[in-house]
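[1] here is my input, please return the structure:
(one chain, ligands or ions: 3)
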Amino acid sequence: MALWKRSVCTKDCPDTCGLLVRVEDGRITVVKGDPDHPITRGFICRKAKYFPEHVHHAERIITPLKRTGPKGSGQFSPISWDAALDEIAGRMTAVVDRYGPQAILPYYYAGHMGMIHRHAGHALFHCLGASRMIPTICGPAASAGFEASLGRGPSTAISASVNSDFIVVWGSNTLTTNLHAWPFFQQARKKGARLTVIDPYRTETARRADVHLMIRPGTDAALALAVMNVLIAEGLIDHDFIEKRTVGFDPFSRRAAEYPPERAADICGIDAEAIRSLALGYGRANAPYIRTGWGPARQLGGAMAMRTIALLPALVGAFTRPGAGITRSLGGAPANLTFLTRPDLCPAATRKVNMVHLGRALTELDGPPIKYLHVYLSNPAAVAPQSQMVMTGLAREDLFVSVQEMFMTDTARMADIILPGASFFEVKDLYRAYGHNCIQLAEPVIPPVGESRSTLAIFQALARRMGFADDVFSMTEDQCVERLFQDPSPYMAGVDLDRLRHGRAACLNIPDSPFADRFNTPSGKVEFFSRQWAEMGLDPLPDGRPMTDPDAGERFPLAFITPPHRLFLNSAFNEIDALRQAAGPPTVLIHPDTAAARTITDEQTVRVFNDRGDCHLTARVTDDTRPGLLVAEGIHWPMHHEGGRGANQLTGQRLTDAGQTCAFHASRVEVAPVCNDCLNIMKNHQPEY
Ligand SMILES: Nc1nc2c(c(=O)[nH]1)N[C@H]1C(S)=C(S)[C@@H](COP(=O)(O)OP(=O)(O)OC[C@H]3O[C@@H](n4cnc5c(=O)[nH]c(N)nc54)[C@H](O)[C@@H]3O)O[C@H]1N2
Ligand SMILES: Nc1nc2c(c(=O)[nH]1)N[C@H]1C(S)=C(S)[C@@H](COP(=O)(O)OP(=O)(O)OC[C@H]3O[C@@H](n4cnc5c(=O)[nH]c(N)nc54)[C@H](O)[C@@H]3O)O[C@H]1N2
Ligand SMILES: [Mo]
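    Ligands and ions are numbered 1, 2, ... in the order given. I've put the predicted structure just below:
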């Protein structure tokens, strides 16, 4: 019998789309958009249409597996759940006895964004006293910068931009990574709004903008300062707002005076006239609106960049007018999760390991060294920086690795034990979007495929095996959801729980312009001058001097960025042949001048390299990128690269100025053509780690 059921896409994307799922004989056969969703309104990206194949893929891992060949050989045999859990519990216990609990490290991220399942491992690792992983791979630099200027909390709803007359998309590839924002921008444009995109290369979004500023990566603070310099010089600022609702304007204006457009033009690689024109457009608009992406924050000075951009609306008082404002990741937790994460169970002074430093943690950390790694909801062999170090670590004979997975990823291949994880269609969970202010509760639409189990079920079974009896290890999904509803945050006020229980998205109680009354900074005002940053040893004022990678030196003159691909979601969807074929081989965009200087021709295989590693990509010679800037879109599974090494071979573990995030878009590299003979040799020799 065929049924349509409501669900929600839980991949790590701002849009968190409402879905309708057709289920026939226990199998998902069609997935389409739910027209009743208030924001995503019935259309979905091309990737999501492949969910039936994703869930019922012939190569999905559906039983626990144990390694039977050398590490990384890909040789595994099915074993029972009991045998797998016994082995994991036994190994963990042995490591605790010999090296102490901190020799165990969990590694997870947001492969599936469910509030319950994503946080289901914390309590067990706290009980064990394992090292704590700090989840910094994505957003904290952007948050830290934004919060220094505007304070913690929600930002302007993207849907508010329909009333804007001047939209700036600052370092976001909206059409690729936040598709459902686009109709709001287009609606505003139909009424006459102008769209400016600030991005180092010509993305699909930039191509469709009125103006594209092809900024040199890592120089956004200088651009924002120059825009503010012009606004002040031209008298386009809101004195009343500045006086009543900001602090530190005087020292700030002296700093901005140091950045006339000509200086920023040199730093940013953009015409001074284009900067002036952006400032005049922004300053004269009735309702200027900025959508910031994560791009400017994935730089060594990423928090400073975001902090500086976030000050723009304050200068022109653009927080209260309908349509005006600024959007970052839309925060605001709907409920208290500590009943599940149980920070009270974590021993004081437990060692913290920043997830950006996984490579180092597995190869250099001591006192104690990491002897056991458990990976879930993440694919670090593909997504973590400096892959060579990560792979060297994963290959250690004296490290036991267990991985929860749906597919034989590069990470799973390095495991000693693999546990089959249930897909999000097979579990119950609550989901909070980060590109709009809705939440949605999803029931399983099918039972777990094969012998797969949910993250919650796996950790509970392990906890019981290890003798931990706390109530949290016996709560069902239903009980967890009810607990969430019993301890709601103020954002849940007025939310219709019945609507949620019927699987429909509900909007949180968050105004479109949450900055109207107060800024959650220490002063309660916008902080042009941040005492907190001064105390942290950072410049209390915006600083436009770019930070470049001190490891790079002159041997690596080219900038290298790795922004998202339209047909993948981080490393997810690489298992879908049709999407991989549509994406083509992993590619690098190279400007014609850069290519000519290295005798590189279009479609040639090139080797991109630095001191951290190398990676083979297919060259696309195009003026869609700047001279001196290489762009490799998307995280292809390393195994799909010629040579087996992915783009994260080239990225580093150096952290951003604040927020301790990975500066994924700050790498410096060189590139050279690869000869055909070398390629043939390479095809026969996959790397050995
Ligand atoms: N070079 C470079 N590297 C990057 C980035 C970049 O821009 N450039 N971006 C970074 C960013 S922003 C992020 S957030 C990280 C993302 O890093 P990850 O969170 O590791 O990436 P994903 O590919 O989203 O997660 C994929 C994994 O999630 C799990 N998963 C997915 N769906 C399900 C499910 O339904 N059920 C179960 N049980 N498991 C599931 C699987 O383990 C899968 O392999 O990558 C970072 N890495
Ligand atoms: N299709 C698809 N959608 C996704 C993802 C995906 O992999 N694929 N990933 C998801 C995740 S986890 C996240 S966090 C979001 C990220 O979504 P985005 O914010 O859109 O992605 P970013 O990698 O942060 O880069 C955004 C843009 O910033 C540009 N950029 C890079 N460096 C700089 C700089 O220094 N200054 C400026 N102004 N721009 C710069 C890049 O070229 C890119 O076009 O997308 C989510 N959505
Ligand atoms: Mo992310």
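[2] make it CA atoms for all contacts and neighbour counts henceforth
    Fine.
[3] neighbouring strands - and their directions - for the longest strand anywhere in the chain?
    Criterion DSSP state E: the longest strand present in the chain is strand 613-621. Strand 613-621 has the following strand partners under DSSP bridges: strand 587-590 (parallel), strand 605-610 (antiparallel).
[4] may I see the buried residues of whatever helix or strand comes next after the first one?
    For strand 587-590, the succeeding helix or strand toward the C-terminus, using DSSP states H and E, is helix 592-596. Buried positions in helix 592-596, judged by neighbour count with 16 or more other CA atoms under 10 Å: Pro592, Asp593, Thr594, Ala595.
[5] stretch 575-584 now?
    Buried residues in stretch 575-584, counted by 16+ other CA under 10 Å: Glu575, Ile576, Leu579, Arg580, Ala583.
[6] near ligand 1 at all, stretch 666-679?
    No. Shown here: stretch 666-679 not in contact with ligand 1 (CA under 6 Å from any ligand atom), separated by at least 9.6 Å.
[7] residues contacting that stretch, please?
    Applying CA atoms under 8 Å, 6 or more residues apart in numbering, the contact partners of stretch 666-679 are 217-218, 298-300, 548-549, 552, 555-561, 598-600, 604-610, 650-652.
[8] repeat that for 6 Å
    The contact list for stretch 666-679 (CA atoms under 6 Å, 6 or more residues apart in numbering) reads 299, 552, 556, 558-560, 600, 605-610, 651.
[9] likewise for stretch 466-485?
    Applying CA under 6 Å, 6+ apart, the contact partners of stretch 466-485 are Ala335, Gln460.
[10] can you list the residues of the protein near ligand 1?
    12, 109-112, 137-138, 376-380, 383-384, 405, 421-424, 562-564, 569-572, 647-648, 664.
[11] could you tell me which of these belong to helices?
    Among the residues of the chain next to ligand 1, DSSP state H puts Pro380, Val383 in helices.
[12] among the residues of the chain next to ligand 1, which ones are buried?
    Among these, those classed as buried by 16+ other CA under 10 Å are 12, 109-112, 137-138, 376-380, 383-384, 405, 421-424, 562-564, 569-572, 647-648, 664.
[13] of those residues, list those near ligand 2.
    When contact is defined as CA under 6 Å from any ligand atom, these meet ligand 2 at Asp12, Cys138, Pro563, Pro564, Leu569, Asn570.
[14] which parts of the stretch 501-650 of the chain sit against ligand 2?
    Contact residues, the stretch 501-650 of the chain versus ligand 2 (CA under 6 Å from any ligand atom): Pro563, Pro564, His565, Arg566, Leu567, Phe568, Leu569, Asn570.
[15] just flag the most distant two among those residues.
    Distance extremes for these: the farthest pair is Pro563 and Leu567 at 12.2 Å, using CA to CA.
[16] could you measure from the residue positioned nearest the centre of the chain over to Leu65?
    Closest residue to the average C-alpha location of the chain: Cys138 at 4.1 Å, with CA atoms, centre = their mean. Distance of Cys138 to Leu65, computed by CA to CA, to the nearest Å: 30 Å.
[17] now Gly359
    For Gly359, the distance to Leu65 - CA to CA - is 25 Å.
[18] what residues does the chain put near ligand 2?
    So the chain meets ligand 2 at 12-14, 138, 170-174, 176-178, 198-201, 203, 217-218, 220, 293-296, 563-570, 665 (CA under 6 Å from any ligand atom).
[19] so which of these are in strands?
    Per DSSP E, strands hold the following members of those: Trp170, Ile198.
[20] okay, now the residue in the stretch 1-150 of the chain positioned nearest to ligand 2: neighbour count?
    Going by CA to the nearest ligand atom, ligand 2 is nearest to Cys13 of the stretch 1-150 of the chain, at 4.1 Å. Cys13 has 20 neighbours, counted by other CA atoms under 10 Å.
[21] same check, this time on the one 4 residues further on
    Per other CA under 10 Å, the neighbour tally for Cys17 reads 30.
[22] from ligand 2, how far out is the residue nearest to Val526 when sequence neighbours are not counted?
    In space, and not counting its chain neighbours, Val526 is closest to Thr246: 4.4 Å by CA to CA, 6 or more residues apart in numbering. Plainly put, Thr246 is 25 Å away from ligand 2 if you go by CA to the nearest ligand atom, to the nearest Å.
[23] gap between Thr246 and Val227?
    For Thr246 relative to Val227 (CA to CA), the value is 18 Å.
[24] look at these two and report which has more neighbours.
    The neighbour comparison of Thr246 against Val227 (other CA under 10 Å) goes to Val227, with 27 against 23.
[25] need the contact list for the more buried one.
    Residues in contact with Val227 (CA under 6 Å, 6+ apart) are Ala279.
[26] for it, give its distance to ligand 2.
    14 Å.
[27] figure out the helix or strand that that residue lives in.
    Counting by DSSP H and E, Val227 is found in helix 220-233.
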